[in-house]
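Asker: Build the 3D model from these lines:
(chains A and B)
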There are 2 protein chains.
Amino acid sequence: MEKSVSVSDSDGSTFTPLVAIELAEDIKEEAVAWLLNRIKDKQQQAGADLLVDQLPREGLSDKKGNPNIFIVGATWLRLLYGAEEVGLVKEFNDGSMRGFTYANKENFKSFQGDGDGFLSIAECQYIIKHELDTLRAKEETHVPGYTQVKLYPGKSITRRMQSKGIMIQIFPLHMKEDLKRLSLSWYQKVKLSFQPLDDIRQYFGESLALYFGFLEYFTLALVPMAFFGIPYYLFDWESYDKYVLFAVFNLLWSTVILEVWKRNSASLAYGWGTLSRKKAFEEPRPGFHGVLGLNPVTGREEPVFPYTRRQLRMYLVSVPFVLLCLYLSLYVMMIYFDMEVWALGLHQEEPTLWSSLLLYVPSIIYAVVIEVMNRLYRYAAEFLTEWENHRLESSHQNHLILKVLVFNFLNCFASLFYIAFVMQDIVLLRQSLATLLITSQVLNQIMEAFLPYWLQKRRNKKVHTRNQKSLAEQELPLSEQVRLEADMNTYLGTFDDYLELFLLFGYVSLFSCVYPLAALLVVLNNVTEVYSDALKMCKVFKRPFSEPAADIGVWQLAFETMSVISVVTNCALIGMSPHMKAYFPESETQLILLVVAVEHVLLAFKFFLAFVIPDIPKQIQIKLARLEFQSLEALKKRKMLEVASGIPNKS
Amino acid sequence: MEKSVSVSDSDGSTFTPLVAIELAEDIKEEAVAWLLNRIKDKQQQAGADLLVDQLPREGLSDKKGNPNIFIVGATWLRLLYGAEEVGLVKEFNDGSMRGFTYANKENFKSFQGDGDGFLSIAECQYIIKHELDTLRAKEETHVPGYTQVKLYPGKSITRRMQSKGIMIQIFPLHMKEDLKRLSLSWYQKVKLSFQPLDDIRQYFGESLALYFGFLEYFTLALVPMAFFGIPYYLFDWESYDKYVLFAVFNLLWSTVILEVWKRNSASLAYGWGTLSRKKAFEEPRPGFHGVLGLNPVTGREEPVFPYTRRQLRMYLVSVPFVLLCLYLSLYVMMIYFDMEVWALGLHQEEPTLWSSLLLYVPSIIYAVVIEVMNRLYRYAAEFLTEWENHRLESSHQNHLILKVLVFNFLNCFASLFYIAFVMQDIVLLRQSLATLLITSQVLNQIMEAFLPYWLQKRRNKKVHTRNQKSLAEQELPLSEQVRLEADMNTYLGTFDDYLELFLLFGYVSLFSCVYPLAALLVVLNNVTEVYSDALKMCKVFKRPFSEPAADIGVWQLAFETMSVISVVTNCALIGMSPHMKAYFPESETQLILLVVAVEHVLLAFKFFLAFVIPDIPKQIQIKLARLEFQSLEALKKRKMLEVASGIPNKS
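Answerer: Next comes the predicted model:
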């Protein structure tokens, strides 16, 4: 752990700042004093037992900047106890992964006397966040100075203060040295090598590392498809009948890669200790509100919201709204097709270079419109899901993802489905696919990474100019650095990144048999995506808190569903090809029956494959079983001793 | 617990005999003495700490009967410790289900001072079996008197002795009084009421109770189908086009009932304490053999069998054999169709009453042949699976079930598929369905319950005649009773019973739209099945050891797969109907596309339903969550105390 930057506690002890808390600029002093005391209090007094100090105001021009920023750290002992409390799983001396306990600390691998390097900074920050989040009200009925901000015994103080706007944010600090090292090995040198996943996990936590792992895996898995696609593109552009073999390969391949990814992610998560980690009890999400009632699980008083009311909101408002949006999206699609016809008419009247370029205009406009609609809908979906008032973060996320997925799927693919199965125009399908794919890729990367990066850089420059220092040469003092980070945008989680991959996967798999080049384009996109996402994480956004994750969650299901749908679309496309029709000149019925039969066999085979390939590699299954066996044996031994000392002899 | 029958230990203490051990008739005395000592030894000396005595030979004519039968019991204390060891889950005073611990025994509901009525007899017997099974070799290298029967430290003694034939069997004893009570409330009075599932579970254990629960549920769930089927049968026999609605109802209904069953079984298993029970480490199954090696999980020496060798056996022998059998089965089917043609020819030449009866002969013969082939194949499958030498009982069972299911499915349904989709003869399909269904039902009930019951009764009569006592009036002495039970057939588990239900489900669902009466027939069959199965369990077979089970396991998957297949078959049948064809006179293609589309929508809806309906009822989820929360809180409190006493103050 880098200990170069350190500040002094009010007691005079120095500590490394790990997390920053930004309070409202006009917060009352008594509230600040009370909060700091609660944070510093020993655990016996129900405090968080952390070290905290106000950020020095050195170098801050007095007219600007929030003075109420505090930095939080902890002693090593405190962090180790915290590691046990949050249930971190670490490598044991015998090579197995075990839940860390303080009493047993010496037996963990890479544990040195004072614990240096044992916990990563991301883990320390996660522990501190957990301690701050679980800082609970005792007898206080409200935040001192704010009678309207009520507190309830046993409920989180920081969540309450955040939802009432007294606390603006809690965020982990970047570590300049570590970040420099990470950037260098990750994206600053263009080279052919894997990403430093373990380092990414050390710095950003498991959830993000799994995303980058999946991105890398997905890219590599597409390489065979891209490779096989090239000759088809080069030599056989117009005879797509030969794509049958390619399509069948794709279908099976996509099943296999998704199954193998599960195994891969299990391996990664095992090594990171999240696979065998026990889930803690899930608290209500910060935005959840309701009247006070009894939680049936904990028996504690907390806000409750009637189940039926949420159901009513979902089925009477959200579902109709989503359906309306889907209808709108289809309507826009029909307008696009009218534009296409119009452009084609113009081109056929006077075929010039300009009019042939014009042919691409409707597709480009449509792609832009889709992008805009997606973004607008996203806000609506977030609003609606918030309004549905789900109690748990996980169920909130799932409902949000479901809403957004359905709409994005329709928005991106409806036009392609229409072209493929209603118009049955394969040439146009191929053209649209290419245009959509390329436009959305370029747009995405600009909107997502380079534009924010440029904005960020401009902002940084302003700060630097104000301080008459050059950007690259010299280190900023801590106070400036923290203020800079506080102003950076907040990274909202991996949702959008996965969504992008999901749509790309759709482009590759749904119509693979008519446009084999899609895989190659997606591979190229993903390679740059790695760089732009890495840049985004390191330079554009505030550092996010690490999130423990054992898999990619609901996205695995989403990708698998897409791969099932792609079996249907590809079979249908193959059945429609004139080449296939030529095989059954006398009867179209036979052809259709054959295609349907093949489709059913492929689907059955897919499910069979998914069933047969174990989700967790044998080696890791054995390790998990060994651990469980050992703990059972230990329990039994303890019981035996109890029996030996406890049973009275029968006379 | 019924304590009327009791025997004396060698120490003079009396105990209730619960389990019997039958040793080989010619076993050496030193082996017997050693085994008895090991069973009686205290746990500190690695014994089982049970009470054991030789079965009295009173009333035994000296020329016949094995003298080496021993009866085993245990003190109450021992049973309570055992209950903790096997991880029984019992109702706590606050209404939740918790793992039983001896230290906490007073806080469990219905625990009285000496534990009377707290553990059911089946549980006591299960505990004793567990203790006997886990009686492990210490320093002994072989069974005394048998140098060839090697023992390995830490391996089960009784399993070894059983596989070497020195020990013939271990079985739990019937309790006359309990059995009489159970029979009375279960099957001896014909009445309209649910089965006494809790009593069945008390007497036979969870696995069997779940089977009977499923049988009952399945029967009730079929009642709506049967009900709707009757008017179709009465008024519309020849216009099966109207069955479309009926078929759609069936498809959705079957999905719903399977999902609801999961919830039902979770409720049952929660109340019985098996839902939240932790699984113990699985030991190798008794029949597993191999060369000595290191188990990667336990690190102990035990027989190991190379993974690749098993794979080779499976893929090079078992799979080809199964395929050959499937081919044979299809071949037999073709012969059946030739016979059908021949019989029809005869009938059309000279239509008499006899020749019209002759029309049914091929179907009946085929049904009998199918039954015979199924039974023969079953032996082969058991032999092959045994030879594949699976390490765990569960994987042995799964491979056996898979083999048997595939063959039975083809055997029972191939002819129907052929008639439906190759011959497209709906009248013949309906006829064959009826014949197959009725024949197999009648045959099954005779073969399965009444024939063995009759044989058993005859055998009992012989014993009784020898003793000049009448069967019903007087109780047999213990020694006779045990000997009688030892001679009864062993119940081999619920496999065959579930298989029968599975095939019946197939008859009902696969072709429901052409033969709506199937559901009614199956309901009638199931009602008698309850009685014959109950009779079988109480009178024909040896009492089986109770098996803890939280669900019906792989059968849930099998039933769900059948219901997916039935969507395909029913859609195809509807598409083939002349009525539907009349709607699309100009183009068959459109009809097929429509049918395929409807099929896909139905399948998607099925998966959606299965996804949306939670597998565990909300109430039970809350109870489980509450328990988990409480144990987490308790752990946290303990940790906090440790922290409070352990952390040195930072200076």
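Asker: Identify the residue spatially nearest to residue A:569, adjacent ones excluded.
Answerer: Nearest non-adjacent residue to residue A:569, counting by C-beta to C-beta, 6 or more residues apart in numbering or on different chains: residue A:510, 4.9 Å away. In short, each C-beta sits where N, CA and C put it, glycine included.
Asker: Give me the neighbour count for the one you found.
Answerer: By other C-beta atoms under 10 Å in any protein chain shown, the residues close to residue A:510 number 27.
Asker: Break chain A down into its structural domains.
Answerer: If you go by automatic domain parsing, the domain ranges for chain A are A:7-173, A:184-616, A:619-645.
Asker: Can you add mean pLDDT and give those back as TSV?
Answerer: Shown next, in TSV, are the domains of chain A (pLDDT from 0 to 100):
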stretch	mean pLDDT
domain A:7-173	83
domain A:184-616	84
domain A:619-645	74
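Asker: Return the distance of residue A:576 relative to chain B.
Answerer: Residue A:576 is 11 Å from chain B, where distance means C-beta to the nearest C-beta, to the nearest Å.
Asker: Show the backbone phi and psi for the closest residue to that residue other than its chain neighbours.
Answerer: Distances taken as C-beta to C-beta, 6+ apart put residue A:424 closest to residue A:576, at 6.2 Å, once the chain neighbours are dropped. Backbone torsions of residue A:424, given as degrees, to the nearest 10, read phi 50, psi 40.
Asker: Which residue ranges of the stretch 451-600 of chain A form helices?
Answerer: Secondary structure of the stretch 451-600 of chain A (DSSP state H, counting those that start in this stretch): helices at A:451-466, A:478-487, A:495-510, A:518-535, A:554-576, A:578-583, A:588-612.
Asker: from those helices, which stretch is densest packed?
Answerer: Most buried of the helices of the stretch 451-600 of chain A, by mean neighbour count (mean count of other C-beta atoms under 10 Å in any protein chain shown): helix A:495-510, with a mean of 22.
Asker: what helices or strands is that one leaning on?
Answerer: In terms of contacts (3 or more C-beta pairs under 8 Å, 6 or more residues apart in numbering or on different chains; DSSP states H and E), helix A:495-510 is packed against helix A:206-235, helix A:243-272, helix A:393-417, helix A:426-445, helix A:518-535, helix A:554-576.
Asker: Is it possible to get TSV of the ones you listed that adds distance to residue A:311?
Answerer: Output for the helices and strands packed on helix A:495-510, formatted as TSV (distance: least, C-beta to C-beta, whole Å):
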stretch	distance to residue A:311
helix A:206-235	30
helix A:243-272	32
helix A:393-417	12
helix A:426-445	35
helix A:518-535	38
helix A:554-576	21
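Asker: ok so, going back, check contacts around the residue nearest to residue A:569.
Answerer: Contact analysis of residue A:510 by C-beta atoms under 8 Å, 6 or more residues apart in numbering or on different chains lists A:413, A:416, A:562, A:565-566, A:569-570.
Asker: try 7 Å this time
Answerer: Going by C-beta atoms under 7 Å, 6 or more residues apart in numbering or on different chains, residue A:510 touches A:413, A:565-566, A:569.
Asker: May I see those organised as TSV, with distance to residue B:292 added?
Answerer: As requested, the contacts of residue A:510 are exported to TSV (distance: C-beta to C-beta, whole Å):
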residue	distance to residue B:292
A:413	59
A:565	52
A:566	50
A:569	55
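Asker: In those, find the pair that's most separated.
Answerer: By the measure C-beta to C-beta, A:413 and A:566 form the most distant pair in those, at 10.6 Å.
Asker: sorry, back to before: just to check, the residue nearest to residue A:576 is in contact with residue A:575?
Answerer: No: Residue A:424 lies out of contact with residue A:575 (C-beta atoms under 7 Å); the separation is 11.1 Å.
Asker: picking up where we left off before, select, out of the domains of chain A, the one closest to residue B:369.
Answerer: Distance to residue B:369, taken as C-beta to C-beta, is lowest for domain A:184-616 among those, at 28.4 Å.
Asker: mind listing the helices in the stretch 251-400 of chain A by residue range?
Answerer: A:307-313, A:319-349, A:353-358, A:361-388, A:393-417.
Asker: The stretch 51-200 of chain A too?
Answerer: According to DSSP H, counting those that start in this stretch, the stretch 51-200 of chain A carries its helices in the segments A:76-86, A:121-133, A:157-163, A:176-183, A:197-204.
Asker: Flag every buried residue along the fourth one.
Answerer: Going back to what we said before, that points to helix A:176-183. Buried residues in helix A:176-183, counted by 16 or more other C-beta atoms under 10 Å in any protein chain shown: A:178-179, A:182-183.
Asker: got it, and the third one?
Answerer: When neighbours are counted by 16+ other C-beta under 10 Å, the buried residues of helix A:157-163 are found to be A:157-162.
Asker: Dump the C-alpha coordinates for it into CSV.
Answerer: Extracted in CSV, the C-alpha atoms of helix A:157-163 (Å, rounded to 0.1, in the frame of the first residue of the first chain):
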residue,chain,number,x,y,z
ILE,A,157,-27.3,7.3,8.9
THR,A,158,-25.3,8.0,5.7
ARG,A,159,-28.1,6.8,3.4
ARG,A,160,-30.6,9.0,5.2
MET,A,161,-28.3,12.0,4.9
GLN,A,162,-27.7,11.3,1.2
SER,A,163,-31.3,11.0,0.4
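Asker: quick one: contacts of that helix?
Answerer: A:38, A:132-133, A:135-137, A:143, A:149, A:151, A:167, A:170, A:286.
Asker: let's see it at 8 Å
Answerer: Contact partners of helix A:157-163, identified using C-beta under 8 Å, 6+ apart, comprise A:35, A:38, A:132-133, A:135-137, A:143, A:149-151, A:167-170, A:286-287.
Asker: count of residues packed around residue A:422?
Answerer: Neighbour tally, residue A:422, other C-beta under 10 Å: 9.
Asker: And what about it, helix, strand or coil?
Answerer: What DSSP: H, G, I helix; E, B strand; the rest coil gives for residue A:422 is helix.
Asker: what residues are up against it?
Answerer: With contacts defined as C-beta under 8 Å, 6+ apart, residue A:422 has no neighbours.
Asker: separation between it and residue B:460?
Answerer: Between residue A:422 and residue B:460 the computed distance is 75 Å (C-beta to C-beta, to the nearest Å).
Asker: do the same with residue A:451
Answerer: Distance, residue A:451 to residue B:460, by C-beta to C-beta: 89 Å.
Asker: Burial check on the closest residue to chain B within the stretch 401-550 of chain A, number of neighbours?
Answerer: Closest to chain B within the stretch 401-550 of chain A is residue A:421: 10.1 Å, counting by C-beta to the nearest C-beta. Applying other C-beta under 10 Å, we find 13 residues neighbouring residue A:421.
Asker: separation between it and residue A:568?
Answerer: Separation of residue A:421 from residue A:568 (C-beta to C-beta) stands at 11 Å.
Asker: again, but for residue A:360
Answerer: Here the criterion is C-beta to C-beta. By it, residue A:360 lies 29 Å from residue A:568.
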